[in-house]
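In: Below: sequence and its predicted model.
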Amino acid sequence: MSAAAGIVVVGMSAAGTAAAEGLRRGGYDGPLTLISEETRLPYERPPLSKAVLAGDGPPDSEAGGDPGHLEQRLSLDVRLGVRATALDVPARRLTLGTGEELDCTAVVVATGVRPRRLPGTEGVAGVHVLRTLDDALALRKDLVAGGPVAVVGGGVLGTEVAAAARGLGLDVTLITVDDQPMAPVLGGSLGLLIAHEHRRHGVRVRTGRTVTGLLTAGGRVAGVHLDGQELVPADVVVLAVGSVPATDWLAGSGLDLTDGVGCDAFCAAAPGVFAAGDVARWWHPRYGRTMRVEHRMNASEQGTVVARNVLASLGVIDAPPTAYAPVPYFWSDQYGWRMQAYGVTAGADRVEVLRADPGTPDRPPKMLALYGDRDLARGAVSIGLRPAGTRALRAVAAGPTDWGRALDAARTASNGNW
Ligand SMILES: Cc1cc2nc3c(=O)[nH]c(=O)nc-3n(C[C@H](O)[C@H](O)[C@H](O)COP(=O)(O)OP(=O)(O)OC[C@H]3O[C@@H](n4cnc5c(N)ncnc54)[C@H](O)[C@@H]3O)c2cc1C
């Protein structure tokens, strides 16, 4: 027997809750069901690699407030600790891990991503990934024990974890397969500035290195083997080696699951089925290609647009669907400074570095660079720029903007704003 569940949102984090909020705000007053395999109510993930590791407590939304608040305010049917296991797309019927079947008016897929692991690391004590609050609390517990830490992966997550562990006074080695930390996002020369920043704070940085295995003793990690025979001693190993879209439960659904849930410009994957957040790969009209973005702000912006498009598809609002064309944005906090990035930076053919001052004992680093192809600037990254400056950079990335105008705008934006 299946039950009528109204609009069903699978995944109750940033994208899922934004979709639920948007549906209610847009005037939908029918049944609204949220399915979450996590047993906690939603919480913010960005603090997990920052404040939570530093010991500043769990994110606010988890720490305080009435746990039933969201459910009551939005009048939701929330199923915590329940996994969606299959979706019959033509029938719009969702199967849950409990064996229950839900008939859905529309489905929003907001299941995010799962951390990648390296072979042979599963079940070894002291080896961590970082995606959930429980992951962060378990890692924090191991960090305070004080042993040497190896962070595998030099992306945003890996560098943040290395910075947080150094903040606790630990012996930290950051290992990346790339030429420099964050090089795929920032390019090599600015990756060098990030490496300098970590070394300046006492992190050992190993670049261009591959982890070939773990050294274990009594079921617990004792070190990391790198190619070239080097052994990095470690009581704690953090794997920050990327993520995989959480689409396993959609196998056999007929949806396009190549790198996330493939969607059109309106974030529709099939009639009545939409996707939002880290799991969604959609056609971005501004950039003329598909994109999947694993950033906090994208999750809520996309969830909001998806809500509107669900309502348009059901005739709840009398409006055409909205194409989703955001300017991607992320931030990263390390050693007390903040990096902010707008637009597209990865894979740039042309990088214009306007400022790259390494940090010193008296002063944090300052950095400003534009990214794009031969003709147009499509992205900007800064460290240490004030909000007025970063807002102007957003406009450059939103263009895309021809290089002459982009460089002028970036110079103006940075003038007096450091
Ligand atoms: C440690 C960390 C630090 C970060 N820091 C930053 C930052 O500084 N800046 C920034 O821009 N971004 C940051 N991010 C990224 C940002 O948090 C994500 O982009 C955002 O959480 C994505 O939200 P989402 O709702 O799409 O997916 P998620 O937050 O991944 O939520 C998906 C939810 O769906 C659930 N789920 C999965 N499969 C199923 C299923 N079959 N059935 C039911 N439920 C399911 C998952 O358990 C999860 O609760 C960080 C992420 C992490 C992990």
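Out: Noted; the coordinates are in hand. Remember, it's a predicted structure, so these values are computed and weren't measured experimentally. Numbering: from 1, shown residues only.
In: what's the burial count for the residue of the stretch 101-250 of the chain found nearest the ligand?
Out: The ligand sits closest to Gly112 of the stretch 101-250 of the chain, with a gap of 2.1 Å, by C-beta to the nearest ligand atom. Yep, even glycine has a C-beta here, placed from its N, CA and C like the rest. Using other C-beta atoms under 10 Å, Gly112 has 23 neighbouring residues.
In: contacting residues around Thr95?
Out: Counting by C-beta atoms under 8 Å, 6 or more residues apart in numbering, Thr95 makes contact with 84-88, 101-102.
In: Tell me if it really is in a helix.
Out: No. Counting by DSSP: H, G, I helix; E, B strand; the rest coil, Thr95 is located in no helix; its state is strand.
In: how close does it get to the ligand?
Out: 10 Å (C-beta to the nearest ligand atom, to the nearest Å).
In: One more: Arg83?
Out: For Arg83 relative to the ligand (C-beta to the nearest ligand atom), the value is 4 Å.
In: ok, how many other residues are close to the closest residue to the ligand within the stretch 251-400 of the chain?
Out: Residue nearest to the ligand within the stretch 251-400 of the chain (C-beta to the nearest ligand atom): Gly277, separated by 2.1 Å. Counted with other C-beta under 10 Å, the neighbours of Gly277 add up to 34.
In: Which strand or helix spans the residue nearest the centre of the chain?
Out: Centroid check for the chain by C-alpha atoms, centre = their mean gives Glu294 as the closest residue, at 3.5 Å. Glu294 belongs to no helix or strand when assigned by DSSP states H and E.
In: got the residue ranges for the helices in the protein?
Out: 14-25, 51-54, 60-63, 69-74, 133-144, 156-167, 183-186, 188-200, 296-314, 387-398, 403-414 (DSSP state H).
In: mind putting those in TSV, distance to the ligand, mean pLDDT and mean neighbour count included?
Out: Formatted as TSV, the helices of the chain follow (distance: least, C-beta to the nearest ligand atom, whole Å; pLDDT from 0 to 100; neighbours: other C-beta atoms under 10 Å):
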stretch	distance to the ligand	mean pLDDT	mean neighbour count
helix 14-25	3	97	24
helix 51-54	8	94	21
helix 60-63	12	52	14
helix 69-74	14	78	14
helix 133-144	7	96	17
helix 156-167	6	98	25
helix 183-186	12	92	22
helix 188-200	15	93	19
helix 296-314	4	98	23
helix 387-398	14	89	18
helix 403-414	21	93	17
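In: could the contacts of Thr95 go into a markdown table alongside pLDDT, neighbour count and distance to Ala240?
Out: Formatted as a markdown table, these follow (pLDDT from 0 to 100; neighbours: other C-beta atoms under 10 Å; distance: C-beta to C-beta, whole Å):
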| residue | pLDDT | neighbour count | distance to Ala240 |
| --- | --- | --- | --- |
| Ala84 | 98 | 23 | 27 |
| Thr85 | 98 | 15 | 28 |
| Ala86 | 98 | 15 | 31 |
| Leu87 | 98 | 26 | 30 |
| Asp88 | 98 | 16 | 36 |
| Glu101 | 97 | 17 | 38 |
| Leu102 | 97 | 24 | 35 |
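In: just those residues now: which is nearest the ligand?
Out: Ala84 (3.9 Å).
In: I figured the residue of the stretch 251-400 of the chain closest to the ligand hits Thr304, correct?
Out: No. Checked against C-beta atoms under 8 Å, the pair Gly277 and Thr304 is beyond contact range at 11.0 Å.
In: ok, now which ones touch the residue lying closest to Asp375 once chain neighbours are set aside?
Out: The spatial neighbour of Asp375 that comes closest, neighbours along the chain excluded (C-beta to C-beta, 6 or more residues apart in numbering), is Asp402 at 6.7 Å. Counting by C-beta under 8 Å, 6+ apart, Asp402 makes contact with 375-377.
In: Now intersect those with the strands, please.
Out: Residues of the contacts of Asp402 located in strands (DSSP state E): 376-377.
In: Using a markdown table, lay out the contacts of Asp402 together with distance to the ligand.
Out: Shown next, in a markdown table, are those (distance: C-beta to the nearest ligand atom, whole Å):
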| residue | distance to the ligand |
| --- | --- |
| Asp375 | 28 |
| Leu376 | 24 |
| Ala377 | 21 |
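In: just curious, which of the contacts of Asp402 is nearest to Ser189?
Out: Ala377 (17.0 Å; C-beta to C-beta).
In: sorry, back to before: any figure for the gap between the closest residue to the residue of the stretch 251-400 of the chain closest to the ligand other than its chain neighbours and Ser313?
Out: Leaving aside its sequence neighbours, Gly277 sits nearest to Ala15 (C-beta to C-beta, 6+ apart; 2.7 Å). According to C-beta to C-beta, to the nearest Å, Ala15 stands 18 Å off from Ser313.
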